[in-house]
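> generate a structure from the sequence data that follows.
(4 chains)
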Number of protein chains: 2
Amino acid sequence: MQKELTAIQKSILDFLIDQIKGKGIPPTLADVAKHFGYKNRATVQQHFKAIEKKGYIKKSPKLSRGIELTFEDKFFVSRPVLGEVAAGNPLTIYPDAVDTVQLPTIAKMPKDSFLLRVKGDSLKDAYIFSGDIVIVNPNLDPKNGQIVVAIFDDAAVVKRFYKKRNEIELVSENPEYKPIVIDKKYSSFKVVGIVVGIYRSMNKKAG
Amino acid sequence: MQKELTAIQKSILDFLIDQIKGKGIPPTLADVAKHFGYKNRATVQQHFKAIEKKGYIKKSPKLSRGIELTFEDKFFVSRPVLGEVAAGNPLTIYPDAVDTVQLPTIAKMPKDSFLLRVKGDSLKDAYIFSGDIVIVNPNLDPKNGQIVVAIFDDAAVVKRFYKKRNEIELVSENPEYKPIVIDKKYSSFKVVGIVVGIYRSMNKKAG
DNA sequence: ATAAATACCATACATTTGTATGGTAAATGT
DNA sequence: ACATTTACCATACAAATGTATGGTATTTAT
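Purely as a prediction, here's the structure:
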């Protein structure tokens, strides 16, 4: 369907994505020209035309910054989903798997919150299912019973958090999965954040 | 910290949020003026100045559409919940907004959609539970198997929709509730909209 | 009672912005 | 080999845009 972009067109599209996702507003022709060192807006103008022709963006004529990403709608829109996280067995977070958009690692993200897509069904009884998007706030201290995202050994899980004397227990609601017990001294373990909400799109399942 | 906005300033800020979150790009002065019926961009200009002074937005001088929201984490938008709707037995929709929720912006609520809070557990098997917020789009035609909000006799339900010869069947996933069968000629029945997504806050339950 | 803030209007102006047109050179396709 | 696409340049222009300034009337503080 969609033709391949040339390397330069790709880099311009990447810049567009970066600006729209990161800065919040699309750049002007002049912005792009400046960024790539073009002495002329017309150059950018023609690149836009080419990229639009290949179906990657949509321009609103005469409208300043009137650039929309067309492929974006297939995914979850305004914010990038950082990766997938297991509710059952641990699963590696792979940043680029979920969204075509850049690769923000957790470290790079804004302090506020980020999104992860849940895989696995160990939280079935907490009403969180595979495919759901969980909204994670990394700036809250976990309390017993809360659902948290935790990383250990470069894998991530979503489970209920219980702090005990010398250890931390991560419990699934699903009895098929046994609790994970972590000694407090175990250094490669870290609570990434607390799940503050979930979102589920109904688009795909219906039918 | 932040001074109170006047009613008009608030409505302008709401419009800004709506545009930025919904359309993706901030409006121009002219856009705002047009929307509010102002004959002049300068009016908007002064409102922006006032809103910025109170700390709710940040403007980039000389930059078209150079408006940033300074307050919230960008993941949530405040949206009114129009009422409660039964997933089990019918329940009245309240005319006024009963509540507001912080909706995650990934939900990308179309302008024409609205929110309802679900009561009852007849959709348990569709993973929709009492207390969940459903996002309803009234401008889509229901297809068989989709979850819809329907009104009949001034009450509303959330159920799966099946169209048959001369009747429409509204089915719960929960076998405790029997399907509702409506004759097509029955006039006081209407499909309000299609459930396009659900959102659930985890704040209350955790502890 | 007086000052300040609010909520509009109008006009004017320099920039910014998108667009159109024409040109050159290299790479690519057929 | 010839046409097309790609990748830049330059100039020109109308419309969009942000900003500045000045004015009027109402509401809200002090």
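
> which bits of chain A sit near DNA strand C?
Chain A has residues A:28-31, A:41-42, A:45, A:48, A:59, A:61-66 near DNA strand C, with proximity defined as C-beta under 7 Å from any atom of the strand. From N, CA and C alone the C-beta is placed, and that goes for glycine too.

> by neighbours, which of those wins?
A:Arg65 (21 neighbours; other C-beta atoms under 10 Å in any protein chain shown).

> ok, the closest residue to that one other than its chain neighbours - contacts?
Leaving aside its chain neighbours, A:Arg65 sits nearest to A:Pro26 (4.3 Å; criterion: C-beta to C-beta, 6 or more residues apart in numbering or on different chains). Counting by C-beta atoms under 8 Å, 6 or more residues apart in numbering or on different chains, A:Pro26 makes contact with A:Leu16, A:Gln19, A:Ile20, A:Arg65, A:Gly66, A:Ile67, A:Glu68, B:Gly24, B:Ile25.

> pop out the phi and psi values for A:Pro26.
phi -70, psi 150 (degrees, to the nearest 10).

> in chain A, which helix or strand is least confident?
helix A:95-98 (a mean of 33; mean pLDDT, DSSP states H and E).

> how about the helices in chain A?
For chain A, the helices defined by DSSP state H cover A:7-18, A:29-36, A:41-53, A:95-98.

> neighbours of A:Glu176, how many?
There are 9 residues near A:Glu176, going by other C-beta under 10 Å.

> what's the local residue count around A:Leu69?
With neighbours defined by other C-beta under 10 Å, the count for A:Leu69 comes to 19.

> can you give me every residue that contacts it?
Contacts of A:Leu69 by C-beta under 8 Å, 6+ apart are A:Leu16, A:Ile17, A:Ile20, A:Tyr56, A:Ile57.

> if any of those are buried, put those into a ChimeraX selection.
Restricted to buried positions by 16 or more other C-beta atoms under 10 Å in any protein chain shown, the ChimeraX selection for the contacts of A:Leu69 reads:
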select /A:16,17,20,56,57
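
> next one: A:Glu169 from DNA strand D, what distance?
Going from A:Glu169 to DNA strand D by C-beta to the nearest atom of the strand, to the nearest Å gives 54 Å.

> bridging residues for that residue?
Beta bridges link A:Glu169 to A:Tyr162, A:Val181, judged by DSSP bridges.

> now do the contacts for it.
A:Glu169 makes contact with A:Phe161, A:Tyr162, A:Lys163, A:Pro179, A:Ile180, A:Val181, A:Ile182 under the criterion C-beta under 8 Å, 6+ apart.

> 10 Å - rerun?
If a contact means C-beta atoms under 10 Å, 6 or more residues apart in numbering or on different chains, then A:Glu169 has A:Asn144, A:Lys159, A:Arg160, A:Phe161, A:Tyr162, A:Lys163, A:Pro179, A:Ile180, A:Val181, A:Ile182 as its contacts.

> returning to what we had before: mind putting the contacts of A:Pro26 in TSV, distance to A:His35 and pLDDT included?
What follows is the contacts of A:Pro26, written out as TSV (distance: C-beta to C-beta, whole Å; pLDDT from 0 to 100):
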residue	distance to A:His35	pLDDT
A:Leu16	10	86
A:Gln19	9	82
A:Ile20	14	77
A:Arg65	14	91
A:Gly66	18	88
A:Ile67	14	89
A:Glu68	19	83
B:Gly24	20	67
B:Ile25	18	82
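
> ok, which stretches of chain A are strands?
Counting by DSSP state E, chain A has strands at residues A:57-59, A:67-69, A:81-86, A:91-92, A:114-119, A:133-137, A:147-152, A:155-163, A:167-171, A:180-183, A:189-201.

> drop anything exposed from the contacts of A:Glu169.
Counted by 16+ other C-beta under 10 Å, the contacts of A:Glu169 give A:Lys159, A:Arg160, A:Phe161, A:Tyr162, A:Ile180 as buried.

> quick check: domain ranges of chain A?
Chain A is divided into the following domains under automatic domain parsing: A:7-74, A:81-199.

> hey, what's A:Lys190 bridged with?
A:Ile151.

> let me know the pLDDT of it.
With respect to pLDDT, A:Lys190 has a value of 71.

> was I right to think it contacts A:Val157?
No - the pair A:Lys190 / A:Val157 is not scored as a contact, 11.5 Å apart, by C-beta atoms under 10 Å.
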